[in-house]
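In: Show me how the following folds:
(one chain, ligands or ions: 1)
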Amino acid sequence: MGGDGSMNEPDDAASGPQPLELPAGLTFLCRCGRSRQGWFCDGAHLGTGQLAREVLLAAPGTVQVCGCGRSRHYPLCDGSHGRAVVKRWWMGWRWGPRAAPAPTPEHP
Ligand code: FES
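Out: Here you go, the predicted structure:
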């Protein structure tokens, strides 16, 4: 929920896109969140079934990385931070209250 109480805003200002300076050439960015090198892949994803995100730049430049965690192209921002969070009525639905267990001779 947003700071003003709305469901359409990110929780804080830091959850938007963040600039990341990259050198020219191929850079591997972390997609699994286990890297000890921040946004950069250090191979910690091995065994998780995930791969690093490859970014190829012809010249040094800046990319926008996702600060909200909602991007479908994580760790790169895809604009999902600006989309409304849609909460459907069934998303909070549970199977209702459980019936009390039947009494047994040990636990009447
Ligand atoms: S910050 Fe843009 S999609 Fe997350």
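
In: Determine the number of other residues adjacent to the closest residue to residue 53 other than its chain neighbours.
Out: Among residues not flanking residue 53 along the chain, residue 29 sits closest, at 4.3 Å (C-beta to C-beta, 6 or more residues apart in numbering). (C-beta placed from N, C-alpha, C; glycine too.) The local packing of residue 29 (other C-beta atoms under 10 Å) involves 21 other residues.

In: Then residue 74?
Out: The number of residues packed near residue 74 is 19, by other C-beta under 10 Å.

In: secondary structure element for the spatially most central residue of the chain?
Out: Central residue of the chain (C-alpha atoms, centre = their mean): residue 69, 2.6 Å from the mean position. In the assignment (DSSP states H and E), residue 69 maps to no helix and no strand.

In: does residue 19 count as helix, strand or coil?
Out: Under DSSP: H, G, I helix; E, B strand; the rest coil, the three-state class of residue 19 is strand.

In: My read is that it contacts residue 64, right?
Out: Yes: judged on C-beta atoms under 8 Å, residue 19 makes contact with residue 64 at a distance of 6.2 Å.

In: what sits against the residue nearest to the centre of the chain?
Out: By C-beta atoms under 8 Å, 6 or more residues apart in numbering, residue 69 lies in contact with residue 15.

In: distance of it from residue 76?
Out: According to C-beta to C-beta, to the nearest Å, residue 69 and residue 76 sit 12 Å apart.

In: ok, now residue 70?
Out: The gap separating residue 70 from residue 76 is 12 Å, by C-beta to C-beta.

In: Tell me the pLDDT of the residue nearest to residue 53.
Out: Note for residue 29: predicted pLDDT of 95.

In: Low-confidence regions, this structure specifically.
Out: 1-14, 87, 89-101, 107-108 (pLDDT under 70).

In: how about the residues of the chain that lie near the ligand?
Out: Proximity of the chain to the ligand, by C-beta under 6 Å from any ligand atom, involves residues 16, 17, 66, 67, 68, 70, 71, 77, 78, 79, 80, 81.

In: what residues are up against the first one?
Out: Under the criterion of C-beta under 8 Å, 6+ apart, the contact partners of residue 16 comprise 10, 67, 68, 77, 81.
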